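Student: Sequence and predicted structure below; questions after.
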Amino acid sequence: MRLDIEDLTVDYGQVAAVRGLDLTVGDGELVALVGPSGCGKTTTLGFITGFIRGRSGRVLFDGVDVTGMAPQRRGIGYVFQDYAIYPHMTVRENIRFPLDAAKTDRKQAEHEVDEIAGLMGVGGLLARRPHQLSGGQRQRVALARALVKKPVILLLDEPLSNLDAHLRVDVRAEIRRLQLNLKMTTVFVTHDQSEAMAIADRVAVMSDGKIVALTAPTTLYVRPPSLFSAQFIGSPQINVWAIDGPDGALARQLAKPLIADGTTGLLVGVRPEHLQVGGGDVKAAVTLTEPLGRDFLVHLDVGPSSIRALVPATQGVRLAVGEEVGVRIDPAHLHLFDAETGRRVEIDADGTRHLEQNLEGKVGLAS
Amino acid sequence: MLRRVLARATPWLLLIAPLLLLFLFLLLPYLLTFYYSTTAATIGRLSNVGFVGLANFEAVLASRNPPFPGVVIVTATFTAGTLAGSLVLGTVLALALYTVPAGRRSALLAVYLVPWVIAGVVIGYTWKLMYDPEIGLANTLLGSVGIGPITWLSDKATSIAALVTANVWAGYGIVLLVISAALANVPPNLILAGQVDGASVTRVIRRIILPAIRPAFLLAALVALVGGLNTFDLIYAMTKGGPLYQTETMALEMYRLTALKGSIGQGAAVTVILFSLSLVLAVVYVVLWRRENRKWT
Amino acid sequence: MDLIRLSPLQRVVRLVLIVLALLFTILPLLWIFSIALRPGSQAIFPISVVPSSLTLDNIYAVLFGPNAIGLTPYQNAAVYGITAAVTTAVAASLGGYALARYDLKAGQAVLIVILALSFLPAASRIVPLFILLSSSGHYGDPLFVILAYAAGSTPLGIWLMAGTFRQIPIRLEQAARIDGASAFLTMRRVVLPLAIPGILVVATLAFIDGWNAYSLPLILIPKDTAQPYTVALQAYIREVGFGNNWSLLSAGSLVGLVPVLAVFALLQRRLVRVGGLGSAIRG
């Protein structure tokens, strides 16, 4: 089932929570909506379910407009952040509830409950009450309840955020495997960029009620279409220096091959993992080293500017605070952004600037 | 479109039944009361009654038998006594129970709460018997230590105190319950921190626990205040306001003027005064409730 | 671990306070019970809390004897209590839900006034209700007296139910709707089952009010029709002390206490936990 949202605007009082949002999720595709809290992700999900009304906007399932349809008739599967498991029902009754609501024949319903519970690995818990379940088990029950009625679309609202850190990676993989097997059209909302990157076919980065990037995870990382998405995706966060401010000297030095001397109005971005420490003509002083396990995060100062660089642990242990080292960057890993709009900028060999115009990371001609 | 209209109307559809009930049996009677408070209506003459403005209020205020200031004093004494008695007893007992294990505490709470479920009039009969000068338990107990006999309910010096004691007996349980619930919600770390800082038990109570339960304390005070102000059944069963009006509160006066004397207008005027006092208390109650609500959510 | 360590002296003070309060609360009841349960000849003298012999004669006399008020007043009280409980529970649930789930500024303001009215003693409504009922031809009909009590219990009930419903996450309702349930099914299967603790508390409070009804039926219900036991017991009261039939009055009171105490005993754990009015604090 294909999902289209067209021109959605939602107001909360005076404030616009979502502003002119368009989104298409293809049949069987998993799109992750990612962004900081308050960016409009959950509001968008609420519109798809029908609980939230837009000032404008339509939602279409396979081209059919369902904007005015009551939530209970849309056939959506939904997993809430806190799972919203009915506390007074057993696991079996919880999972059976959507079938009861659809007046499915009791025997058939029990059969389907057993089937989906087996698939989700909660077959042994059917007689239990929700308060007797662990967080991970609740999560599976919620997913089983969402899937038992064979929904047309699956909506997952921060389904992993209430789980222990070590469980998250496992459950994430499990959800993805299940989604691929069922070829279920899915919208996955999260504030965790790594989660979005790991699970999605495409990632939609939201900011301030708008989608600011919508593209495959790898493209998003390699060619972020905007400053916001560059900063949001990747950990530790990307280094950004303005070529016009106090960081100008450092920025121009690092981006020398790309930026002609008279150029202004650009931001230079470099991911910490793409900086090489040692050998290089930019001289920097180590101010702090943080062991992260496999890598070290090294903080360096160059004049008034600071740099975050990720180096292998073997090198990190040998760096001492106060030590002076060289820093270098492969120009292929430089990201340039327009200082005013935050859009990605590509510069041709002849110096022409191209401003990123769309959300997919394909560059159009500058105006 | 229809869905949208229906969605807007839903809360009011839900409210039809409760509002109808409240309107017919609570609001309408009091609207009538407000109306009659400005008329010369009597029990024998209810229709075509003349408008008399504030004459009923003036008559009530100027009444000589009993003088209205006397009724106000009795009401105030009774209400203040009920308030002070149930608040002190409820709070002290709640603090004493605070260190009792939770299981035993809720069992004890249930026992202390028993009088609260008994009919006011039965409480009245019970305490009337307690105070009986000849055969009452009160004088028997006092007599065993050489005091008495005291004519509790007829003596001017003791009658209000006796009524207050009965009313406190009937109502302090709810004060205890409210304060106990608030105490159970004081964050344990606050109390532990106070003790780690070297404070004694009494100091912890005074400086940490009591401030933490202040809003609940005010709420309990309000419940006791309303309970005192509006007590009717109990006093009616015990003294009927007598002898010689010395235990006549405004609630009793309202009843006497309307049902016994038949002066609907004057009775209504007293009701309006009583309502105005209750409204102030209700507003305070809701404001406190809101403030507490915000704190726990 | 004890949150607070008490010194031995403080423990003694605590024990004394708890015991004294227990005596204060229980002694009058025990005394009434013992008068009710001892032979009539010993009703007054000797004055003691512990009866020398126990008998059910007085109870029998109240219900079936020559001076009996009979079973009817108790049946009437039961009808008052149960009808008031059901009516209040329904009205408070509807109103509480509307208040909890919709933003009704006007409704809240109206309710504050109504709450203030419900604080007033039922006795203050005797005359206007008398006028209303007699002019509409319903004077003497217990149903209308019961509804008057239910109306008195409903405002606090609405506040308590609004608090109860607010504690039920709205997500559970949304989940049910997404699961395909209609508004009605969502109510029946999800919201109401979760609201039962609150509904029971509200119903209990209303039952107690209805069972204990006194001042309205005293005036609005003609003698020997649908008067409850509280009014009927007046038969044993004379204005002068010795004229009172304390044995039968106590026995009649005892019979009237049993049902409220039973209901209270069943629900006391819940009442204490919800905190009675305290639940209003916590919303």
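Tutor: Looks like it came in fine. Numbering: from 1, shown residues only, chains lettered A, B, ... in the order given.

Student: Name the SS class of residue 22, please.
Tutor: Reading this off chain A. Under DSSP: H, G, I helix; E, B strand; the rest coil, A:Asp22 falls in the strand class.

Student: how much space between it and A:Cys39?
Tutor: 16 Å (CB to CB, to the nearest Å). Glycine gets a C-beta too; all of them are placed from N, C-alpha and C.

Student: Looking at those two, which has the bigger crowd around it?
Tutor: With neighbours defined as other CB atoms under 10 Å in any protein chain shown, A:Asp22 and A:Cys39 compare such that A:Cys39 has more, 23 against 14.

Student: Got the phi and psi for the more buried one?
Tutor: Main-chain dihedrals, A:Cys39, degrees, to the nearest 10: phi -90, psi -10.

Student: That one: what's it in contact with?
Tutor: A:Met206, A:Ser207, A:Asp208, A:Gly209 (CB atoms under 8 Å, 6 or more residues apart in numbering or on different chains).

Student: any chance you could map the helices in the stretch 151-297 of chain B?
Tutor: Under the criterion DSSP state H, counting those that start in this stretch, the stretch 151-297 of chain B carries helices at the ranges B:156-184, B:188-196, B:201-204, B:210-212, B:214-229, B:233-238, B:250-255, B:264-296.

Student: which residues touch the shortest one?
Tutor: Yep, that's helix B:210-212 we're talking about. Counting by CB under 8 Å, 6+ apart, B:Ala182, B:Val186, B:Pro187, B:Leu190, B:Phe217 sit against helix B:210-212.

Student: pLDDT (mean, whole number) over stretch A:171-179?
Tutor: What stretch A:171-179 shows for mean pLDDT is 91.

Student: Excluding chain neighbours, what is closest to C:Leu147?
Tutor: Leaving out its chain neighbours, the residue that sits closest to C:Leu147 by CB to CB, 6 or more residues apart in numbering or on different chains is B:Phe25, at 5.2 Å.

Student: is it true that the one you found lies in a helix?
Tutor: Yes - with three-state DSSP as the criterion, B:Phe25 is part of a helix.

Student: mind showing which ranges of the stretch 151-283 of chain C have poor pLDDT?
Tutor: C:238-244, C:270-283 (pLDDT under 70).

Student: and C:Leu185, how many neighbours?
Tutor: Number of residues near C:Leu185 (other CB under 10 Å) recorded here: 17.

Student: show me what contacts the residue lying closest to it once chain neighbours are set aside?
Tutor: In this structure, C:Leu185 finds its nearest non-sequential neighbour in A:Ala101, 5.9 Å apart by CB to CB, 6+ apart. Taking CB under 8 Å, 6+ apart, we find A:Ala101 in contact with A:Gln72, C:Ala176, C:Asp179, C:Gly180, C:Ala181, C:Ser182, C:Leu185.

Student: Which residues are in contact with the fourth one?
Tutor: The one in question is C:Gly180. Going by CB under 8 Å, 6+ apart, the list of residues near C:Gly180 reads A:Gln72, A:Arg73, A:Gly75, A:Pro98, A:Ala101, A:Ala102, A:Lys149.

Student: C:Arg188 versus the second one, what's the distance?
Tutor: Taking CB to CB as the measure, A:Arg73 and C:Arg188 are separated by 19 Å.

Student: Likewise for the fifth one?
Tutor: Distance from A:Ala101 to C:Arg188, counting by CB to CB: 11 Å.

Student: Same question for the first one.
Tutor: Taking CB to CB as the measure, A:Gln72 and C:Arg188 are separated by 14 Å.

Student: if we can go back for a sec, of the contacts of helix B:210-212, just the buried ones, PyMOL syntax please.
Tutor: Applying 16 or more other CB atoms under 10 Å in any protein chain shown to the contacts of helix B:210-212, the buried members can be selected in PyMOL as follows:
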select buried, chain B and resi 182+186+217
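
Student: Nearest to chain A among the contacts of helix B:210-212?
Tutor: B:Pro187 (23.4 Å; CB to the nearest CB).

Student: What segments of the chain are helices?
Tutor: Since you didn't name a chain, this refers to chain A. A:41-49, A:91-101, A:106-120, A:135-147, A:165-182, A:193-199, A:217-222, A:227-232, A:248-254, A:313-316 (DSSP state H).

Student: The chain in question should be chain C.
Tutor: Using DSSP H, helices in chain C cover C:8-37, C:57-64, C:72-101, C:105-119, C:126-135, C:142-167, C:170-178, C:183-186, C:192-211, C:215-220, C:229-232, C:246-274, C:278-282.

Student: Turn those helices into CSV, including distance to B:Ala110.
Tutor: Below are the helices of chain C laid out as CSV (distance: least, CB to CB, whole Å):
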stretch, distance to B:Ala110
helix C:8-37, 11
helix C:57-64, 25
helix C:72-101, 20
helix C:105-119, 25
helix C:126-135, 33
helix C:142-167, 19
helix C:170-178, 31
helix C:183-186, 35
helix C:192-211, 13
helix C:215-220, 28
helix C:229-232, 23
helix C:246-274, 4
helix C:278-282, 14
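
Student: thinking again about what came up before, also within reach of chain C: list those from the contacts of helix B:210-212.
Tutor: B:Ala182 (CB under 8 Å from any CB of the partner chain).

Student: Could you spell out the sheet neighbours of the helix or strand of chain A with the lowest mean pLDDT, each with its direction?
Tutor: None of the helices or strands of chain A scores lower by mean pLDDT, DSSP states H and E than strand A:353-355, at a mean of 77. Sheet pairing here is set by DSSP bridges, and for strand A:353-355 it gives strand A:344-347 (antiparallel).

Student: Quick one: residues contacting the residue nearest to A:Ile199 when sequence neighbours are not counted.
Tutor: The shortest distance from A:Ile199 to any non-neighbouring residue, by CB to CB, 6+ apart, is to A:Arg176 (5.0 Å). Taking CB under 8 Å, 6+ apart, we find A:Arg176 in contact with A:Leu30, A:Ala198, A:Ile199.

Student: How about C:Pro121?
Tutor: Here C:Pro121 is in contact with B:Asn230, B:Thr231, B:Phe232, B:Asp233, B:Ala251, C:Ser215 (CB under 8 Å, 6+ apart).

Student: low-confidence ranges in chain A?
Tutor: A:357-367.

Student: Show me which positions of the least confident helix or strand of chain A end up buried.
Tutor: A:Arg353, A:Leu355.

Student: what do you get for stretch A:47-62?
Tutor: In stretch A:47-62, counting by 16+ other CB under 10 Å, buried: A:Phe47, A:Ile48, A:Thr49, A:Gly50, A:Phe51, A:Ile52, A:Gly54, A:Gly57, A:Val59, A:Phe61.

Student: can you tell me if whatever helix or strand B:Pro11 lives in touches chain C.
Tutor: In the assignment (DSSP states H and E), B:Pro11 maps to helix B:2-22. Yes - contact of helix B:2-22 with chain C (CB under 8 Å from any CB) involves B:Thr10, B:Pro11, B:Trp12, B:Leu14, B:Leu15, B:Ala17, B:Pro18, B:Leu19, B:Leu21, B:Leu22.

Student: got these as CSV, with pLDDT and neighbour count columns?
Tutor: Shown next, in CSV, are those (pLDDT from 0 to 100; neighbours: other CB atoms under 10 Å in any protein chain shown):
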residue, pLDDT, neighbour count
B:Thr10, 80, 15
B:Pro11, 80, 19
B:Trp12, 82, 13
B:Leu14, 85, 19
B:Leu15, 86, 23
B:Ala17, 90, 15
B:Pro18, 90, 28
B:Leu19, 89, 21
B:Leu21, 91, 23
B:Leu22, 89, 25
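
Student: Could you check how far the residue lying closest to B:Leu222 once chain neighbours are set aside is from B:Arg291?
Tutor: Distances taken as CB to CB, 6+ apart put B:Tyr285 closest to B:Leu222, at 5.2 Å, once the chain neighbours are dropped. For B:Tyr285, the distance to B:Arg291 equals 11 Å [CB to CB].

Student: Need the winner for burial among the helices of chain C.
Tutor: A comparison of the helices of chain C by mean neighbour count, using mean count of other CB atoms under 10 Å in any protein chain shown, puts helix C:229-232 on top with a mean of 26.
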